[in-house]
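Novice: Here is a sequence with its predicted model. Questions after.
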Amino acid sequence: MNELLTKEIWDGKSIIDLLTLEFLASIIGNVLSAVAILLVGMLVARWAKRRIVQLGKDNRHLDETLFNFLGNITKYVITGFAFLFVLNTFGVQTTSFVAVIGAAGLAIGLALQGTLSNVAAGVMIIFFRPIKLGDFVEVNDKSGTVMAITLNFIELASVDNVQVIIPNAQVWGNTITNYSVYGTRRAEWIFGVGYGANLGKAEKIIRDTIMSDPRSHAEPEPFIQVNALNDSSVDFLVRVWCDRTAYFAYQADMKRQIKEAFDKGGIDIPFPTRTFIQSPNA
């Protein structure tokens, strides 16, 4: 029994040594220190994340998505350091522990290459910001308003309000068409008139009708010219700038207004016709 009690079992200490009040007090002190370090670390991590996220919300010229990402990274880093301090408190060599984590991370990374490619692409999207929340974009033949940007995917709401999820690797590796970057857009139409129409009058009707709309921009100067001589029509190519937010309604409204103005001005709009000849034997 005495041999069992005096046998070295941990860090040069026997069972008798471990049962001393001094050693037990040191263990309790280490546990309390570890708990305090963890609590302080978690509180500091949450506070730092809130401050960084709030910074992005308070400044409209800053990208809120980027600051959400930075806030999460800061939280994880502070929490990780808190765990390392806890291990140091119990005498664990953190250098070897970090090496083990690195080796495990490498193995996990090789097993999750597809997922990590989405994460890497998500980091690039968040930092370089080719798209932002609220932008209307077209990516990988899918279009819609950007509702969320995460490390793994982006979420779009299509024009008919359907959720579209696109992995970040397919976003960063493809052409991104962003319709929300610039404040203006150029609307374009082709209006056909008959060969017998007065082209000068037709051009004036087009110009007066479009430029009377308050959504039309006088600068840059509108382009209204004969563009093609087709089999049954003379085509006018019309290009006019407008505000981005008014583009879709503006482009649709002008088609109807030009048609009504042509009818009122006596400008013929050609359309295909078919002539049926009855057979004499019918």
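Specialist: It's in.
Novice: So the closest residue to F236 other than its chain neighbours: helix, strand or coil?
Specialist: Closest residue in space to F236, ignoring its immediate chain neighbours: F191 at 4.7 Å, by CB to CB, 6 or more residues apart in numbering. In short, each C-beta sits where N, CA and C put it, glycine included. State at F191, reduced to three classes by DSSP: H, G, I helix; E, B strand; the rest coil: strand.
Novice: Buried residues in stretch 148-163, which are they?
Specialist: 149-151, 153-156 (16 or more other CB atoms under 10 Å).
Novice: How far off centre is the helix of greatest length in the chain?
Specialist: What stands out as the longest helix in the chain, according to DSSP state H, is helix 21-58. Using CA atoms, centre = their mean, to the nearest Å, the distance from the centre of helix 21-58 to the centre of the chain it belongs to is 34 Å.
Novice: And for stretch 257-266?
Specialist: In terms of CA atoms, centre = their mean, the centre of stretch 257-266 is set 43 Å apart from its chain centre.
Novice: Not counting it itself, show me its contacts.
Specialist: 189, 191, 193, 201-202, 205-206, 208-210, 213, 268-269 (CB atoms under 8 Å, 6 or more residues apart in numbering).
Novice: Point out where the stretch 101-250 of the chain drops to low pLDDT.
Specialist: Scanning the stretch 101-250 of the chain for pLDDT under 70 picks out 101-115.
Novice: Which parts of it are helices?
Specialist: 113-128, 168-172, 199-211, 247-265 (DSSP state H, counting those that start in this stretch).
Novice: and the ones you listed, which is most packed in?
Specialist: Highest mean neighbour count among the helices of the stretch 101-250 of the chain (mean count of other CB atoms under 10 Å): helix 168-172, with a mean of 20.
Novice: helices and strands around that one, which ones?
Specialist: helix 113-128, strand 153-157 (3 or more CB pairs under 8 Å, 6 or more residues apart in numbering; DSSP states H and E).
Novice: Could you measure from the closest residue to N174 other than its chain neighbours over to V162?
Specialist: Using CB to CB, 6+ apart and skipping residues adjacent in sequence, the residue nearest N174 is N140, 5.1 Å away. Using CB to CB, to the nearest Å, N140 is found at 15 Å from V162.
Novice: what sits against P167?
Specialist: 118, 121, 152-153.
Novice: let's see 6 Å
Specialist: P167 sits next to 118, 153 when contact means CB atoms under 6 Å, 6 or more residues apart in numbering.
Novice: Also the one 10 residues further on?
Specialist: The contact partners of T177, taken as CB under 6 Å, 6+ apart, are E138.
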